[in-house]
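*Asks:* quick one, structure for this:
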Amino acid sequence: MVDAREILLDLERGRCAAIGACDVGALQHLLADDYVHVHMSGKIDDRERHLRVVKDSPRKPIPGETLVRVYGDLAVITGHLHNHMPGPDNVVNKAYCQRIAAKRGDHWRFVSVQLTPLAV
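*Replies:* From the prediction side, this is the model:
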């Protein structure tokens, strides 16, 4: 039997890969219909708005060490995340990221992601 933690780590790797490739088709399958995304700025997006942001704002998210805690059909995934922003300045936005995933039927999907900027 596959450990739920491994499934959730794969889900997070898939989320980061889809964002890095601006692949909203792949990303939409990883996000619940009622998904909420809280940006480092405090801006809040629903699923559709977040997919548009990913399409229009290239970035490469690189997760650091990640802690996965599973509570039945709910999981809390936390850890550092660096968003590498393309451009002449090579900006890296460093954040602490909290992701919430829910299992509905046989599939895990993200229901919320919140990024908090790290103090420099």
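
*Asks:* in contact with Leu115, which residues?
*Replies:* Residues counted as contacts of Leu115 (CB atoms under 8 Å, 6 or more residues apart in numbering) are Val38, His39, Met40, Leu81, Asn83, Ala95, Tyr96, Cys97. Where you see a C-beta, it was placed from the backbone N, CA and C, and this is true even at glycine.

*Asks:* pull out the buried residues from the strand or helix carrying the last one.
*Replies:* If you go by DSSP states H and E, Cys97 is part of strand 92-104. If you call a residue buried by 16 or more other CB atoms under 10 Å, then strand 92-104 has these buried ones: Asn93, Ala95, Tyr96, Cys97, Gln98, Arg99, Ile100, Ala101, Ala102, Lys103.

*Asks:* from these, pick the one nearest Asp10.
*Replies:* Each of those was checked against Asp10 using CB to CB; the closest is Ala101, at 11.2 Å.

*Asks:* and Gly105, how many residues sit next to it?
*Replies:* Applying other CB atoms under 10 Å, we find 7 other residues in the vicinity of Gly105.

*Asks:* oh, that last question was meant for Arg109, not what I typed.
*Replies:* There are 17 residues near Arg109, going by other CB under 10 Å.

*Asks:* quick check: closest non-adjacent residue to it.
*Replies:* Nearest-residue entry for Arg109: Ala32, 4.2 Å, with adjacent residues in sequence omitted and distances by CB to CB, 6 or more residues apart in numbering.

*Asks:* mind naming the longest helix for this structure?
*Replies:* The residue-count maximum for a helix in the chain (DSSP state H) belongs to helix 4-20.

*Asks:* helices of the chain, start to end?
*Replies:* Listed in chain order (using DSSP H), the helices of the chain are 4-20, 24-28, 47-56.
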